[in-house]
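Novice: sharing a model that was predicted from the sequence below.
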Amino acid sequence: IKWLLLHFQADLPANQGKRFECCTETLASLPEQAVVVDPLGGVMRIDTGAISVELNGPGQQGLFQSISSADGLALNQISGPVIGNEVNTKFHCEIGSEGWEVLESGPIRAVVQTSGKHVNGEEGSWFDYKVRVYAFAGKPWIQMDYQIIHREAHTDQTVNALILELGGVTHPGSAEEVRTVLGRSNYATNMQCSESGGRLAHRITAEELKYQGNEHSPEIMYGTFFTDWHHPQVGGYSVTLYQAQQNFPKELEVSGEGMSVGIIPEGIGLVMLQGMAKTHRMFIHLHGPEEQMEQVNIRSLQFQLPDRPVLDASVYEHAGVMEPLAVADKAGEAERTLVYLADYRAKADGILHWGDAPDRAYSEQGRGRGEW
């Protein structure tokens, strides 16, 4: 074995290091609540022990039938994602004929994937998509990667919206009993709150970041962007958009009736070129009535910037899995060249440019027809 991908659960102390060892001579202990993947007649069910996720089958519109917690909270009205074109015709994602593929079946982590088209009964189909859903043993949350792919016949296509809506929670009383929260960051998380189910919404745009984000490097942690719906008797749910500031425009809206996730906000008019694919990651977290908002915020931040274990370079050198690595005596000129390549290439924020910034050399060749 030259390389090994290993998933395990670990308790990490705050602001401290911790050492782990992988041993092949002892049997690994399984989690008390293993994550289970169960395909039932085309419908895919994932159970983490804390939440249950039911995914639609081939030919059905929308990704989810329901997401429910072991405490009894159930999201049973989930629409989309729905994509809108230049004239605002709506196309609903439809599960492809192959259904869901199980990439990992647990017991620590489950990953399922499907792909298909967005469809409209009268207008046909528009834009491909691919989606992956990740679930974890004993955890009351899932992670989702949603990718839209431009394989249409015409080169330039304008995406006017990409919206996911969540709601349908059955609870006693009225929407005015629901607490709504919207959290967004600029160094620290600022949380707006309504104790009477009031509508809260925020859209992240270039105009906003021009004044707020000019001190942030595009490649570092900016903060978080989440909404939370909470009923004092049945609990609640929150949704976080991954690195929303870097991937603007993004929008979140929450009220006593439910939540709307603007992966691409309504009316933006995002022009995508043929061959482009853009992936959007989000985090859906179900919690009990006693959950404090600061804890929801912490989970959201941990999704944005998870702990990443790092092996010392000498470990790779000792293992001999690569060409010899000069980890002790470094060549100054080579190191400076690598730093220069990393620091001085173009960097930009925004859904079209983050990680793939405009390039001056290409622009000066005229490939952008006068644009970057």
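Specialist: Great, that's in hand.
Novice: and the gap between the residue located most distally from the centre of the chain and residue 337?
Specialist: The C-alpha centroid of the chain is most remote from residue 329, which lies 40.2 Å away (C-alpha atoms, centre = their mean). Going from residue 329 to residue 337 by C-beta to C-beta, to the nearest Å gives 17 Å. Just so you know, the C-beta spots here come from the backbone N, C-alpha and C atoms, and that holds for glycine as well.
Novice: what about the stretch 251-372 of the chain, any weak spots by pLDDT?
Specialist: Applying pLDDT under 70 to the stretch 251-372 of the chain picks out residues 325-328.
Novice: now do the helices in it.
Specialist: For the stretch 251-372 of the chain, applying DSSP state H, counting those that start in this stretch gives helices covering 293-304, 313-319, 332-343, 360-364.
Novice: quick check: which of the ones you listed is nearest to residue 153?
Specialist: helix 360-364 (25.0 Å; C-beta to C-beta).
Novice: residues of the closest one that come out buried?
Specialist: For helix 360-364, burial by neighbour count (16 or more other C-beta atoms under 10 Å) applies to no residue.
Novice: tell me which other helices or strands it touches.
Specialist: In terms of contacts (3 or more C-beta pairs under 8 Å, 6 or more residues apart in numbering; DSSP states H and E), helix 360-364 is not packed against any helix or strand.
Novice: residue 49: what's it in contact with?
Specialist: 32, 33, 34, 35, 70, 137, 138 (C-beta atoms under 8 Å, 6 or more residues apart in numbering).
Novice: I figured residue 6 hits residue 22, correct?
Specialist: Yes. In this structure, residue 6 is within contact of residue 22 by C-beta atoms under 8 Å, at 6.5 Å.
Novice: before we move on, back to that, just the buried members of the contacts of residue 49?
Specialist: Judged by 16+ other C-beta under 10 Å, buried ones among the contacts of residue 49: 33, 35, 137.
Novice: redo the helices of the stretch 251-372 of the chain as a markdown table? Include distance to residue 188.
Specialist: A markdown table is the format used below for those (distance: least, C-beta to C-beta, whole Å):
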| stretch | distance to residue 188 |
| --- | --- |
| helix 293-304 | 10 |
| helix 313-319 | 34 |
| helix 332-343 | 27 |
| helix 360-364 | 35 |
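Novice: winner for burial among those helices?
Specialist: helix 293-304 (a mean of 18; mean count of other C-beta atoms under 10 Å).
Novice: and it, how far from the chain's centre?
Specialist: 14 Å (C-alpha atoms, centre = their mean, to the nearest Å).
Novice: could you list every helix and strand that it packs against?
Specialist: By 3+ C-beta pairs under 8 Å, 6+ apart, helix 293-304 packs against strand 179-186, strand 188-194, strand 225-231, strand 235-241, strand 277-287.
Novice: no further queries at this time; thank you.
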